[in-house]
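1. need a 3D model of the sequence below.
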Amino acid sequence: MASHELRFLQIQVSKEQGQSLPAAVIMDTLTSLEYVSAVSTIGDFPEYILALRYKDQTALENFKNISQFEITRIIEEREGYSLVQARTYGPLPMLIHKNKSVWLQTPSVVSSTNGLFMTVHGTTKGLKEFRDGIAELLPSSIKIRISKDLKADWIAAPQLPTRRKEVLELAVKLGYYSTPRKCTQRALAEKLGVRQGTVAEHLQSAESTIIQSWADQAK
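-> I've put the predicted structure just below:
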């Protein structure tokens, strides 16, 4: 494959393996933190849209005090859930930010139960440089996987509830998972006639199921 063609790299770090990482603070504070979209990759620090899930308001307040993040805007907030815009200062996001040939992509989630799962798209050369960089940050026992190419890499798709599958299929059709992203959760919600939060919940649940399925098959 030519070096300019895109591949993707996926990292899975269990909660136990990630205890020495800054992400451990997130695992101990929130139920989950999910990357939604990039706002800006220009400047000293990356800025992302993040979906935060937590058990109570105290957890959100504790998250605001984590030094690796700076919330710049609250887009939506309701009980147990916030959609925020935030600058990120952690070592993994900064490693991506400094490498102009790789990009953070969905699904990328930090979970209090499943640990860290990260997806990074990029050129062959860029991903190899990124993999060399994370080798200095993460335990040697973690799972790192670079696809042969974006289209040829295949896993058996897990079964999803009908409505969840419909939301996911529409998201794929309209380019929600394209790079760059071609539609937003708000656009999907308007198309489906539901709240944006409902779309976010369906996509997060579907992504979680698919991630777990991939992890089980990759063992």
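
2. and the gap between Gln105 and Tyr81?
-> 22 Å (Cβ to Cβ, to the nearest Å). Using the backbone N, CA and C atoms, a C-beta is placed for each residue, glycine as well.

3. and the two? which has more neighbours close in?
-> Between Gln105 and Tyr81, counted using other Cβ atoms under 10 Å, the more crowded position is Gln105 (22 against 18).

4. show the contacting residues for Ala200.
-> 36, 51, 81, 83, 185 (Cβ atoms under 8 Å, 6 or more residues apart in numbering).

5. what residues sit buried inside the lowest-mean-pLDDT helix or strand in the chain?
-> In the chain, the helix or strand scored least confidently by mean pLDDT, DSSP states H and E is strand 143-146, which has a mean of 71. Buried residues in strand 143-146, defined by neighbour count with 16 or more other Cβ atoms under 10 Å: 144, 146.

6. again with stretch 8-22
-> So, applying 16+ other Cβ under 10 Å, buried residues of stretch 8-22: 8-15, 17-18, 21-22.

7. which of those fall within strands?
-> 8-13 (DSSP state E).

8. each with direction, which strands does the helix or strand containing Val36 pair with?
-> Taking DSSP states H and E as the criterion, Val36 maps to strand 32-40. Strand 32-40 sits in its sheet next to strand 47-53 (antiparallel), strand 102-111 (antiparallel), going by DSSP bridges.

9. strand 102-111 and the longest helix seen in the chain, what's the angle between them?
-> When the chain is parsed with DSSP state H, its longest helix is helix 196-218. For helix 196-218 against strand 102-111, the angle by axes from the mean of the first three to the mean of the last three Cα atoms, to 10 degrees is 90 degrees.

10. tell me the mean pLDDT for helix 196-218?
-> Taken as a whole, helix 196-218 has a mean pLDDT of 80.

11. for it, buried residues please.
-> Here helix 196-218 shows 196, 198-204, 206-211, 214-215 as buried, counting by 16+ other Cβ under 10 Å.
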